[in-house]
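Trainee: Here's my sequence, what's the structure:
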Amino acid sequence: MTLPSVLRVRPGESHPGRDGLFGRVHAFRLVPGREGSMEVRTVQLGAATIGIVESVGHDIALDEPARLTFLVPLAGGLGVDAGRGRLEARSGGGLLLGTGHRSTQVRAPRSGLFRALVAMTPCRSDPDGGPAETPFRTVPRLGAEPAARALTAYLHYLARELVRPDGALKRPTTRRAAGALILDLMAELDQVGAGTPASGSGAAEGRVRLAEGYMEARAGDELTMAEVARAAGIGVRALQLDFQRIRGMSPRAVLHRFRLERAYARLLAGDPATTVTDIALLCGFTHLGRFAASYRARFGETPSETLARGRR
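Mentor: Alright, predicted model coming up:
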């Protein structure tokens with residue numbers, strides 16, 4: 001079982017220079033005049049890292065060499081300088097930051113601590129294999145961007161599971177599946193506003209069928225859309241556009257349907273030694289509440305009802 005890594009810096013203590021969330025730290029100080037500390041809890045989910053930051057306020061200068069960062073303040077605010085201007089965010093907004101040097105000023109509200117959720121994933125490459133242009137932008141209203149809204153909601157769910165003694169993240173398969181979904185959601189957020197040349201509908205239909213075959217065969221695996229796109233011979237953005245054009249939905253929504261169908265078949269088999277939770281996790285679902293809701297919407301009964309019917 002992988003437990004969260006915890007870093008705590010108290011007044012008078014120095015930052016260790018590197019932690020599980022941020023890159024190489026060059027300078028750090030807690031805001032004077034406030035009692036308390038900074039605490040960072042992180043967990044590794046495959047190639048993705050998620051974290052929860054709580055602080056009385058601090059200033060930090062660091063280099064991030066290779067990862068994309070999404071910061072979501074829950075209480076308080078922060079400002080970031082990275083040589084391309086200054087970005088600021090408070091509760092209800094977020095920041096999407098690429099690689100390089102940056103200085104961040106974190107400020108707590110008058111009463112209480114600064115709190116934020118963080119997700120980090122490897123930066124994407126350009127078509128030639130080199131590093132792509134890294135983002136540096138504010139997401140002023142998280143609810144206005146579907147990718148930001150979905151990622152923020154999922155981070156809230158993972159943060160709750162992180163502290164539950166029997167949380168889903170205690171299972172290695174769930175951590176891998178959660179990491180794959182974080183990679184996909186971050187890639188979607190990174191691609192906001194990016195364009196891809198259109199291609200003929202016949203070619204798009206062929207790529208969609210190829211991608212669907214790949215996803216259906218591996219619906220229980222920890223798939224990312226980057227893997228599916230490679231199987232179809234295109235990039236992630238082109239894959240998303242092809243599916244929207246041909247199927248009217250995202251490739252991740254199609255994968256979700258395949259997983260629901262696989263879960264239905266397993267539940268209907270009525271294995272007396274299995275549980276709904278076991279089957280949901282085996283089929284790639286990490287948010288059990290949403291699994292139950294989408295399952296009922298798709299099949300008109302709860303997973304438990306299907307399992308009971310299969311055992312009769």
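Trainee: now the strands for the stretch 101-250 of the chain?
Mentor: Taking DSSP state E, counting those that start in this stretch, the strands of the stretch 101-250 of the chain run over residues 114-122, 136-139.
Trainee: Kindly point out the strands partnered with the last one and how each is oriented relative to it.
Mentor: Sheet partners assigned to strand 136-139 using DSSP bridges are listed as strand 94-97 (antiparallel).
Trainee: Mind checking the strands of the stretch 101-250 of the chain for the one nearest to residue 92?
Mentor: Closest to residue 92 of the strands of the stretch 101-250 of the chain is strand 136-139 (C-beta to C-beta; 9.7 Å). In this view, the C-beta of every residue, glycine as well, is placed from N, C-alpha and C.
Trainee: Which residues are in contact with the spatially most central residue of the chain?
Mentor: Nearest to the mean C-alpha position of the chain, counting by C-alpha atoms, centre = their mean, stands residue 182 at 2.4 Å. With contacts defined as C-beta atoms under 8 Å, 6 or more residues apart in numbering, the neighbours of residue 182 are 45, 48, 50, 119, 121, 151, 154.
Trainee: hang on, the third one packs against residue 116?
Mentor: If I follow you right, that is residue 50. No: if you go by C-beta atoms under 8 Å, residue 50 and residue 116 don't touch, sitting 11.4 Å apart.
Trainee: quick check: mean pLDDT across whichever strand or helix holds residue 268?
Mentor: Element membership for residue 268, per DSSP states H and E: helix 251-269. Averaging pLDDT along helix 251-269 gives 95.
Trainee: between the contacts of residue 182, which has the most around it?
Mentor: When neighbours are counted by other C-beta atoms under 10 Å, residue 119 leads the contacts of residue 182 with 28 neighbours.
Trainee: mind checking pLDDT for that residue?
Mentor: If you check residue 119, the pLDDT there is 96.
Trainee: check contacts around the closest residue to it other than its chain neighbours.
Mentor: Distances taken as C-beta to C-beta, 6 or more residues apart in numbering place residue 70 nearest to residue 119, at 4.6 Å, with adjacent residues excluded. Applying C-beta under 8 Å, 6+ apart to residue 70 gives the contacts 94, 95, 96, 97, 118, 119, 120, 148, 151, 186, 189.
Trainee: 10 Å instead?
Mentor: Counting by C-beta atoms under 10 Å, 6 or more residues apart in numbering, residue 70 touches 50, 94-97, 117-121, 135, 139, 147-148, 151-152, 155, 182, 185-186, 189-190.
Trainee: Just put the contacts of residue 182 in CSV and tack on distance to residue 30.
Mentor: Below are these laid out as CSV (distance: C-beta to C-beta, whole Å):
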residue, distance to residue 30
45, 29
48, 28
50, 23
119, 24
121, 28
151, 29
154, 30
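Trainee: what about residue 13, which SS state?
Mentor: Assigned state for residue 13: coil (three-state reduction, DSSP: H, G, I helix; E, B strand; the rest coil).
Trainee: Isn't it up against residue 37?
Mentor: Yes: between residue 13 and residue 37 there is a contact under C-beta atoms under 10 Å: 8.2 Å.
Trainee: In the stretch 1-150 of the chain, where is pLDDT below threshold?
Mentor: Confidence mapping of the stretch 1-150 of the chain against pLDDT under 70 gives the ranges 1-3, 18-20, 125-133.
Trainee: re the thing from before, okay, the strands of the stretch 101-250 of the chain in CSV with distance to residue 227 next?
Mentor: Formatted as CSV, those follow (distance: least, C-beta to C-beta, whole Å):
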stretch, distance to residue 227
strand 114-122, 14
strand 136-139, 26
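Trainee: tell me the most buried of those strands?
Mentor: Highest mean neighbour count among the strands of the stretch 101-250 of the chain (mean count of other C-beta atoms under 10 Å): strand 114-122, with a mean of 22.
Trainee: Give me the sheet partners of that one and which way each runs.
Mentor: With DSSP bridges as the test, strand 114-122 pairs up with strand 48-55 (antiparallel), strand 67-75 (antiparallel).
Trainee: so after the shortest one, what's the next helix or strand?
Mentor: It refers to strand 48-55. Following strand 48-55 in sequence order, the next helix or strand is strand 57-64 (DSSP H and E).
Trainee: which strands and helices sit next to that following strand?
Mentor: Where contact means 3 or more C-beta pairs under 10 Å, 6 or more residues apart in numbering; DSSP states H and E, strand 57-64 is packed against strand 24-30, strand 38-45, strand 77-81, strand 100-107, strand 114-122.
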